[in-house]
Structures are given as structure tokens and as C-alpha cells.
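# Could you work out the structure for the sequence below:
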Amino acid sequence: MQSADEWTTGNWDAVVQAIKDRLAHLGITVDDLIERSGVGRFTVREILANNKKRRRRTSTLVKLATALEFPANHLIMILQGKLPPVPPDQTPFERNLVDQLLNIASGTHAEVIDTHAEIREMHRELREFMRQFGNTSPNEHLKRHRP
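Residues are numbered from 1 along each chain as shown. Below is the predicted model:
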């Protein structure tokens, strides 16, 4: 059984390949990944060996993705088959372009969430204004009460 916070099934071969390809692309070692991510040495090596089915926390995959300069949910999406792993024959230019697009997409999503929160707050403030002053618009209220 797989909870929302733990992963036992999925395309682990694709996750391992994506990690190895990214290590090569960034020119870093497994030890660098361990240091950057804060994930234990045994866990990282076991994931890369991909020979034991163990539960893996979402937070572990997020830490690894972040350390590899991927968007936080990148490895989870690969695991779920929602995002193909980066092809090994991709040129550095193509890989860089894909990375930039993924980062833009992640940032855009966060901006949409922030904007939605701001709109909800403005809507709440407008409801409060209308509760206090009736159905008058803020502009009408200002016109009526200007000196």
C-alpha cells in the first residue's frame, strides 16, 4: 500500500536514470548529492542501486530533486510516469532549455497560487467593506465623503 507521503511502486528505473544523468550533467558525485541533499548515504546508494523495494518518503525525493537543481516534484513526477526522464542523448543546450522551462513552469505555478491568495484576500476585504458600507462601491463611498 502506498500513502501520499511514501512510495514503494512506480518507475524507479526512470528515477535512477534521471538522477544519474543529472549527476553527470551537473558534474557532481554521489557524495556531493548526499551532502547537498542531506539524505543519508545508505538511502541514496540504495535508491541508485534500485535493488530493494522499500518505502521512500516524498520528502526524500524532494530533497534529492532540489539538490539536483530540478523542480521539487520532478522525481515524483518521473516516478509516477507523468514526466519522461531526460534522454541521455540530449545535448547540453537542449537539457538546459528543458531545465529552464521546468523551472519557469514551477515558478509560474507558485505565482498563480500567490496571486490566487491575493485575490481571495482582496475579495474578503471587499466583502468586509460592503458589510460596513452597504452596496456602495469604494469609489462612490469616497465621492460622498470627500471634503
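# check contacts around Phe70.
Arg22, Asp99, Leu102 (C-beta atoms under 8 Å, 6 or more residues apart in numbering). From N, CA and C alone the C-beta is placed, and that goes for glycine too.
# By neighbours, which of these wins?
With neighbours taken as other C-beta atoms under 10 Å, the top of those is Arg22, carrying 23 neighbours.
# Name the residues of the strand or helix carrying that one that are buried.
Using DSSP states H and E, Arg22 maps to helix 12-26. Buried residues in helix 12-26, defined by neighbour count with 16 or more other C-beta atoms under 10 Å: Trp12, Ala14, Val15, Val16, Gln17, Ala18, Ile19, Asp21, Arg22, Leu23, His25.
# Which helix or strand lies directly C-terminal to that helix?
Following helix 12-26 in sequence, per DSSP H and E, is helix 30-37.
# average pLDDT for that following helix?
When pLDDT is averaged over helix 30-37, the result is 96.
# for stretch 54-65, same thing?
89.
# what inclination does the helix holding Arg22 have with respect to helix 30-37?
Using axes from the mean of the first three to the mean of the last three C-alpha atoms, to 10 degrees, one finds that helix 12-26 and helix 30-37 are set 100 degrees apart in direction.
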